[in-house]
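*Asks:* no sequence on hand, only this structure:
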Ligand SMILES: O=P(O)(O)O[C@H]1O[C@H](CO)[C@@H](O)[C@H]1O
Ligand SMILES: O=c1cc[nH]c(=O)[nH]1
């Protein structure tokens, strides 16, 4: 057990999918894994381990925002020795050519700051995905015929951002979408020599104002789950 995860060491697989929403973790485990068992209920941040095509996989909720993700990713890496960590999240599209329900695979994750910022001091570190995972995820998305975009995303600290100028600069610089966790996940994975990727589904559109209801964010983003699983074991 770690401070925030109640699982025994052997209960966590080497490959961990990380949705922010613990109920998305439950839905994904019930939908995509065989023999899934709940391995964490601490703070209601549900986690499940089962198998996909014979491979052991854990799907663990990580909460909203980088401080929360940082707790789960740190414990999964340090206490459970997780090797591959793939975020499966929702995001808001920032470009007109990116549509609601499209998949975004995050090559890089820009941010104003993340929980690792203080230790990096004056360095403007560029958090980036594991290339092998990224390539395998893109191959899987193309094979499935999923409308997919690969590029930079923005990991924000605020869902209700009162700095429209920041969003404008992200849009100007080609950022595809905004979410709230990947920059810290990529930084931690790099520091500890682990593989990380974020495969996201567009739930909101910052340009058109479209958005999907909570139930669809929880249980309808199956393409990104399949893409993440195929990438992990390619
Ligand atoms: O759907 P999840 O994975 O939680 O991701 C996105 O949704 C939450 C905000 O609604 C933030 O955590 C953001 O990153
Ligand atoms: O962080 C997020 C997630 C989904 N949609 C947004 O607009 N922002």
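*Replies:* That came through fine. Remember, it's a predicted structure, so these values are computed and weren't measured experimentally. Ligands and ions are numbered 1, 2, ... in the order given.

*Asks:* can we go C-alpha only for contacts and neighbour counts from here?
*Replies:* OK.

*Asks:* can you map out the helices along this structure?
*Replies:* For the chain, helices defined by DSSP state H occupy the ranges 22-32, 66-78, 117-120, 131-144, 164-172, 182-192, 214-219, 222-232.

*Asks:* pull the contacting residues for residue 114.
*Replies:* Residues near residue 114 by CA atoms under 8 Å, 6 or more residues apart in numbering: 66, 67, 183, 184.

*Asks:* now the buried members of these.
*Replies:* Among the contacts of residue 114, those buried by neighbour count (16 or more other CA atoms under 10 Å) are 66, 67, 183, 184.

*Asks:* these: which two are farthest apart?
*Replies:* The span of the buried ones among the contacts of residue 114, defined through CA to CA, is set by 67 and 183 at 11.1 Å.

*Asks:* return the residues of the chain in contact with ligand 1.
*Replies:* Selection of the chain residues close to ligand 1 by CA under 6 Å from any ligand atom yields 19, 20, 21, 64, 65, 89, 90, 91, 179, 180, 181.

*Asks:* now the fifth one: closest residue in space, sequence neighbours ignored.
*Replies:* Pointing back at residue 65 there. Leaving aside its sequence neighbours, residue 65 sits nearest to residue 180 (CA to CA, 6 or more residues apart in numbering; 4.9 Å).

*Asks:* now swap in the last one and tell me
*Replies:* When the adjacent residues along the chain are set aside, residue 181 lies closest to residue 66, with 4.7 Å between them (CA to CA, 6+ apart).

*Asks:* which pLDDT value belongs to residue 189?
*Replies:* Residue 189 carries a pLDDT value of 98.

*Asks:* again with residue 63
*Replies:* Residue 63 is assigned a pLDDT of 98 by the prediction.

*Asks:* quick one: residues contacting the closest residue to it other than its chain neighbours.
*Replies:* Excluding the flanking residues, the one nearest residue 63 by CA to CA, 6+ apart is residue 20, at 4.4 Å. If a contact means CA under 8 Å, 6+ apart, then residue 20 has 61, 62, 63, 64, 69, 87, 88, 89 as its contacts.

*Asks:* from these, which is closest to residue 115?
*Replies:* The shortest approach to residue 115 among those belongs to residue 69, at 9.7 Å (CA to CA).

*Asks:* need the contact list for residue 188.
*Replies:* Going by CA under 8 Å, 6+ apart, the list of residues near residue 188 reads 70, 73, 74, 116.

*Asks:* residues in contact with the helix or strand bottoming out on mean pLDDT in the chain?
*Replies:* Of the helices and strands making up the chain, the lowest-confidence element is helix 117-120, at a mean of 88, by mean pLDDT, DSSP states H and E. Applying CA under 8 Å, 6+ apart, helix 117-120 has no contact partners.
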